[in-house]
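Student: Fold the following for me, if possible:
(one chain, ligands or ions: 2)
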Amino acid sequence: MIRAGIIGATGYTGVELLRLLLAHPKVELAVITSRGNAGEPLESLFPNLRGQGTLVFQAPDVAVLADCDVVFFATPHGVAHAMAGELLARGTRVIDLSADFRLQDPVLWGRWYGQPHGAPDLLPEAVYGLPELNREPIAQARLIAVPGCYPTAITLGFLPLVEQGLVDLHRLVADAKSGVSGAGRKAQMGSLLCEASENFKAYGVPGHRHLPEILQTLSMVAGQSPGLTFVPHLLPMIRGILATLYATLNRSDVDLQDVYEQRYAQAPFVDVMPPGSHPETRGVRGTNVCRLAVHRPGDGDTVVVLAAIDNLVKGASGQAVQNMNLMLGFPETLGLDTIAVLP
Ligand SMILES: NC(=O)C1=CN([C@@H]2O[C@H](COP(=O)(O)OP(=O)(O)OC[C@H]3O[C@@H](n4cnc5c(N)ncnc54)[C@H](OP(=O)(O)O)[C@@H]3O)[C@@H](O)[C@H]2O)C=CC1
Ligand SMILES: CC(=O)N[C@@H](CCC(=O)OP(=O)(O)O)C(=O)O
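Tutor: Ligands and ions are numbered 1, 2, ... in the order given. Model prediction:
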């Protein structure tokens, strides 16, 4: 058994990690942290987890966490900057769900996140934890930057087209919709029931911090910088992201369905649906699966890709566990073979 710790176990991605790791056959959950609820038993915050052992929340303390083989950061941006270096120095692997190590350029990170990068010395060893792209580097890594939720759906959707140079790189469009849990559990006006229900809106049109993250990956794959218009929206639901992606084909003699099926043939968590399909968020709710469908309306030169994920699972905690499995040499799907919850 490996010993795991979760920093920020009271938040939405933290409790999703709890749900997955408590059921993981190779993991002993050793430390769960909360600053405000230290000393409280697990079930006092999460009654659904009553009966799942005797875990008690503890204050985040590197000396205690360093006894773990792997520590997950399910914390706001900047927290992993401050603590990851010491954990790594003490031999603990780090899987960070925040954006702290996603951008390779610390100056660019500072511009988008509004604070100076707190651990630029660690960036060279951080591996971007998208298993469908970086399976081998992840297996060798000590420090993983788990991709953001929108970047997971959008990158997986565009990847086959961009890798094979099938589309005009300067005219990519990602129209993406997220449930409210994407904003986290902390109190904020936009997440209130009266604000977020019976409403549907776009946000971040002038620039969202996931844009540089998506561009970093697609540029690396394409060998040049693409042009991407990314518009996120907030949907009146709790979980899920649906990304509708548009691109202009630069050749017409290609079987797009075959391209997608071949690209993801070895990816256990990417489901390329049959031609004509429309993936939906409830079809992935509670699972680590990204469901994709590729369309070419009217056999024209526009390709439309639909990508559905659960933002808290494939978009965060499930993907983090998938990374842990690869890092520790476990089967990639261990503890993640859950079936979607309806409705
Ligand atoms: N929600 C989502 O869909 C996704 C979120 N992410 C990222 O994952 C991270 C966590 O997100 P989410 O779970 O939504 O956030 P929440 O706001 O729901 O939870 C954050 C947790 O971090 C803890 N925390 C806050 N500040 C500190 C600190 N200084 N030191 C230690 N712990 C701290 C809090 O616990 P306490 O106050 O009890 O200590 C809280 O439980 C964020 O970086 C987010 O951007 C990534 C992909 C998707
Ligand atoms: C609906 C919603 O608010 N979603 C969040 C993104 C989810 C997230 O937390 O991503 P990071 O890990 O990159 O911060 C947002 O748009 O800011």
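
Student: now the residue nearest to Ala183 when sequence neighbours are not counted: how far from Asn37?
Tutor: Among residues not flanking Ala183 along the chain, Ser191 sits closest, at 5.1 Å (Cβ to Cβ, 6 or more residues apart in numbering). C-beta here means a position set from N, CA and C on the backbone, and glycine is covered the same way. The gap separating Ser191 from Asn37 is 20 Å, by Cβ to Cβ, to the nearest Å.

Student: who's in contact with Ala183?
Tutor: 190-191, 234 (Cβ atoms under 8 Å, 6 or more residues apart in numbering).

Student: do the same with Ala340
Tutor: 282-287, 289.

Student: Report the two of those separated the most.
Tutor: Among these, the pair separated by the greatest distance (Cβ to Cβ) is Arg282 and Val289, at 12.2 Å.

Student: Tell me how many other residues crowd the residue lying closest to Gly182 once chain neighbours are set aside.
Tutor: In space, and not counting its chain neighbours, Gly182 is closest to Asn311: 4.8 Å by Cβ to Cβ, 6+ apart. Burial of Asn311 is recorded as 28 neighbouring residues (other Cβ atoms under 10 Å).

Student: Let's verify Asn311: helix, strand, or coil?
Tutor: Three-state call for Asn311 (DSSP: H, G, I helix; E, B strand; the rest coil): coil.

Student: got the residues of this structure near ligand 2?
Tutor: 98-99, 148-149, 178, 182-183, 210, 232, 234 (Cβ under 6 Å from any ligand atom).

Student: now do 8 Å
Tutor: Proximity of the chain to ligand 2, by Cβ under 8 Å from any ligand atom, involves residues 77, 97-99, 102, 148-151, 178-184, 190, 203-204, 208-210, 213, 232, 234, 311, 315-316.

Student: So which of those sit within helices?
Tutor: 149-151, 210, 213 (DSSP state H).

Student: For the protein, just list every one of the helices.
Tutor: Counting by DSSP H, the helices of the chain are 12-22, 42-45, 62-65, 79-89, 106-113, 131-140, 149-163, 193-196, 210-222, 256-263, 318-327.

Student: TSV for those, including distance to His295 and mean neighbour count?
Tutor: Below are the helices of the chain laid out as TSV (distance: least, Cβ to Cβ, whole Å; neighbours: other Cβ atoms under 10 Å):
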stretch	distance to His295	mean neighbour count
helix 12-22	31	24
helix 42-45	43	17
helix 62-65	46	16
helix 79-89	39	19
helix 106-113	32	16
helix 131-140	21	16
helix 149-163	12	26
helix 193-196	30	13
helix 210-222	20	20
helix 256-263	8	16
helix 318-327	25	26
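
Student: can I get these in JSON lines with distance to ligand 1?
Tutor: Formatted as JSON lines, the helices of the chain follow (distance: least, Cβ to the nearest ligand atom, whole Å):
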{"stretch": "helix 12-22", "distance to ligand 1": "3"}
{"stretch": "helix 42-45", "distance to ligand 1": "9"}
{"stretch": "helix 62-65", "distance to ligand 1": "11"}
{"stretch": "helix 79-89", "distance to ligand 1": "5"}
{"stretch": "helix 106-113", "distance to ligand 1": "10"}
{"stretch": "helix 131-140", "distance to ligand 1": "15"}
{"stretch": "helix 149-163", "distance to ligand 1": "4"}
{"stretch": "helix 193-196", "distance to ligand 1": "14"}
{"stretch": "helix 210-222", "distance to ligand 1": "10"}
{"stretch": "helix 256-263", "distance to ligand 1": "24"}
{"stretch": "helix 318-327", "distance to ligand 1": "8"}
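
Student: So for Gly5, which of these sits nearest?
Tutor: Across the helices of the chain, closest to Gly5 is helix 62-65 (Cβ to Cβ), at 4.8 Å.

Student: for that closest one, packing partners?
Tutor: Counting by 3 or more Cβ pairs under 8 Å, 6 or more residues apart in numbering; DSSP states H and E, the packing neighbours recorded for helix 62-65 are strand 27-33, helix 79-89.
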